[in-house]
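> Here's a sequence, model it:
(2 chains)
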2 protein chains.
Amino acid sequence: MSLLIVGTMAFDALETPFGKVDRIIGGSGTYAALAASNFTKPINMVSIVGGDFPKEDIAALESRGVSFDGLEIVADEKSFFWSGKYHLDMNTRDTLVTDLNVLARFNPIVPESYQGADFMMLGNLSPAVQISALKQLHKRPKLVIMDTMNFWMDVAMPELQEALQMVDLLMVNDSEARQLSGEYSLVKAAKKIQKMGPKYLIIKKGEHGALLFYEDRIFSAPALPLEDVFDPTGAGDTFAGGFIGYLDRINDISFESMKAAIIMGSALASFCVEKFGPQRLMEITPEEIEARVNEFIMLSNFEVRAK
Amino acid sequence: MSLLIVGTMAFDALETPFGKVDRIIGGSGTYAALAASNFTKPINMVSIVGGDFPKEDIAALESRGVSFDGLEIVADEKSFFWSGKYHLDMNTRDTLVTDLNVLARFNPIVPESYQGADFMMLGNLSPAVQISALKQLHKRPKLVIMDTMNFWMDVAMPELQEALQMVDLLMVNDSEARQLSGEYSLVKAAKKIQKMGPKYLIIKKGEHGALLFYEDRIFSAPALPLEDVFDPTGAGDTFAGGFIGYLDRINDISFESMKAAIIMGSALASFCVEKFGPQRLMEITPEEIEARVNEFIMLSNFEVRAK
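Next up is the predicted model:
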């Protein structure tokens, strides 16, 4: 199979109640690729970085099966930089700095070698960039998933609506689903969003898990209850990467497979938050993933006895 | 088997975004007994009402297997009255009126006919009242569960701590668990609370489901995603009543049985919120409960395929 990811590669500066890091690699593309690399390769990346992005990090991703034919390196400019500080509850954060740098001129080019992708993930980018990447494909992938955020609903709603009509699955958090639909009830929100284009909708609820909507079916995935969330940065992109990487691996998009894929994404996200940035994702073994997935099964499995 | 419930029987006046009712029967005992009556009988109630509590409602509960040998009726006084108004999100509410009336002098008497109970539920009452009821039992029940609220943490913490040491299972919502433990992480909160006495802890998270903690095991139960929550009053007590009623029915307190009991409680709570007050609980059929439980299975069941 083949997986195409369009996303950011960036530097993050992070502060949580547990400490701070000044400059660590991040970005939706980085986290998604790292997560997906546990299940499939190649992972064809379309992204943009400045000359400051570390060659050794690119090499480390390449060694995990990530292809960078679609990576634009602007030698004399800087990579996208984001800095944020998390509140004590770890569910809310303040953005301190957003330096778009090279991202401001990102015009994604899908190289010929990436054509024919079966699965595509459009990370959180401007809807115009997402649409541009999608329009370059000669053949429609089996499944196109996209992420977005409230910022694009505020400043680019018409383009966002156009993008929504082109994708199969939208992945947003609960507050974004409410803003996009104007509905408080997530069931009502899902119905409205499904009418905007995407047949599938995943609503991420952080520590409360995630909901998958398809036609009139709903799947509720738990999140692993954790003692400490060390750094939530990248957890959503890790979830998305694990989700689509697993689907690419098993090459199936039935509702049952999507349920399992959500558990895989949740398992990887539960690792991601254990250390700063993508550090923990670089270390996980297949055995650790299997054990974590078993924890999810223990956590949510039940049997109702005949009364 | 036999089930003993100590709880309030009251009048509620409710206002939600969907309408209002001026005077409808309620109280933790009422909701819990109605829920439990789907699984077991007799349900031995210890409560107090004024002369104004409708005879026909008592008769309706009796016809469902509720025994009122332990009901004190104070003919010339009024029943406990609570009035509240829900906000648009249905998760928060303002208490408009709390008239304790007969509840102010509630001194629960467990009649001889109730002795030997296997299962006991202590609804949200002052810890002193909960302790008094528990101390009257000649034989320790198989399982004693209790509910409480932040108010008792504020005004009666020493008595609450004493009560916690006497029960097997505490059932609180997430904000109560955080207040009681002083921990934000629910996993840390659970560990601290389990050290206060109860071996089992259920943390109710409203529309996000519930968590059961026992030793180092956790079960995460989903809530049924609903288009509309018409009136959330009594949902927590309904959950508790369904939970303990089911356990009494199957007469087993293994972790596996508790998981199933949580699903039963969640299913009944999902009915409760469909209409004002206990109205919907009065109507449900066994077939409806079975169908609702199947919805929970569909909602949370998944299978991970070998990769």
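
> all helices in the stretch 101-250 of chain A, in order from the N-terminus.
Taking DSSP state H, counting those that start in this stretch to define them, one finds helices in the stretch 101-250 of chain A at A:127-135, A:150-155, A:157-164, A:174-181, A:186-195, A:235-250.

> Can you tell me which helices and strands the longest one packs against?
By that I understand helix A:235-250. strand A:3-6, helix A:28-36, strand A:119-122, strand A:143-147, strand A:169-173, strand A:200-204, helix A:255-272 (3 or more Cβ pairs under 8 Å, 6 or more residues apart in numbering or on different chains; DSSP states H and E). Glycine gets a C-beta too; all of them are placed from N, C-alpha and C.

> between the ones you listed, which gets nearest to chain B?
Of all the helices and strands packed on helix A:235-250, helix A:255-272 sits nearest to chain B, with 4.1 Å by Cβ to the nearest Cβ.

> which parts of the closest one are buried?
Buried residues in helix A:255-272, counting neighbours by 16 or more other Cβ atoms under 10 Å in any protein chain shown, are found at A:257-272.

> List the contacts of stretch A:111-119.
Outside stretch A:111-119, the residues that touch it by Cβ atoms under 8 Å, 6 or more residues apart in numbering or on different chains are A:1-4, A:44, A:46, A:67, A:69-70, A:137-139, A:141-145, A:244, A:247-248, A:251.

> Sort out which residues of it are buried, please.
For stretch A:111-119, burial by neighbour count (16+ other Cβ under 10 Å) applies to A:Tyr114, A:Ala117, A:Asp118, A:Phe119.

> same thing with stretch A:147-166?
Residues A:Asp147, A:Thr148, A:Met149, A:Trp152, A:Met153, A:Ala156, A:Glu159, A:Leu160, A:Ala163, A:Leu164, A:Met166 are the ones in stretch A:147-166 that count as buried (16+ other Cβ under 10 Å).

> What count of nearby residues applies to the residue nearest to A:Lys188 when sequence neighbours are not counted?
Computed as Cβ to Cβ, 6 or more residues apart in numbering or on different chains, the closest residue to A:Lys188 that is not its neighbour in sequence is B:Glu227, at 5.6 Å. Using other Cβ atoms under 10 Å in any protein chain shown, B:Glu227 has 11 neighbouring residues.

> Look at the closest residue to A:Gly70 other than its chain neighbours and give its secondary structure.
Leaving out its chain neighbours, the residue that sits closest to A:Gly70 by Cβ to Cβ, 6+ apart is A:Val46, at 3.8 Å. Following DSSP: H, G, I helix; E, B strand; the rest coil, A:Val46 is assigned to strand.

> I'd assumed A:Phe68 was in contact with A:Val46.
No - counting by Cβ atoms under 8 Å, A:Val46 does not reach A:Phe68; the two are 9.3 Å apart.

> which of those two has more neighbours?
Each of A:Val46 and A:Phe68 has its neighbours counted (other Cβ under 10 Å); A:Val46 has more, 27 against 20.

> what about that one, distance to A:Ser79?
From A:Val46 over to A:Ser79 the distance is 15 Å, taken as Cβ to Cβ, to the nearest Å.

> Against chain B, how distant is the spatially most central residue of chain A?
Nearest to the geometric centre of chain A sits A:Asp237, at 2.5 Å (Cα atoms, centre = their mean). Distance of A:Asp237 to chain B, given as Cβ to the nearest Cβ, to the nearest Å: 21 Å.

> so A:Leu71 bridges to which residues?
A:Ser47 (DSSP bridges).

> For it, grab the count of nearby residues.
The burial count for A:Leu71: 19, using other Cβ under 10 Å.

> Quick check: pLDDT value at it.
pLDDT for A:Leu71: 98.

> Just to check, it is in contact with A:Asn44?
No - contact criterion Cβ under 8 Å: A:Leu71 and A:Asn44 do not qualify, at 10.1 Å.

> I'd guessed A:Phe255 sits against A:Arg217; true?
Yes - judged on Cβ under 8 Å, A:Phe255 makes contact with A:Arg217 at a distance of 6.0 Å.

> how far away is the closest residue to A:Ala235 other than its chain neighbours from A:Ala35?
Using Cβ to Cβ, 6+ apart and skipping residues adjacent in sequence, the residue nearest A:Ala235 is A:Ala269, 4.4 Å away. Distance, A:Ala269 to A:Ala35, by Cβ to Cβ: 8 Å.

> Give the residues shared as contacts by these two.
Taking Cβ under 8 Å, 6+ apart as the criterion, A:Ala269 and A:Ala35 both touch A:Thr238, A:Phe239, A:Gly242.

> which one of those residues sits closest to B:Ala60?
Closest approach between the shared contacts of A:Ala269 and A:Ala35 and B:Ala60, by Cβ to Cβ: A:Phe239, at 48.5 Å.
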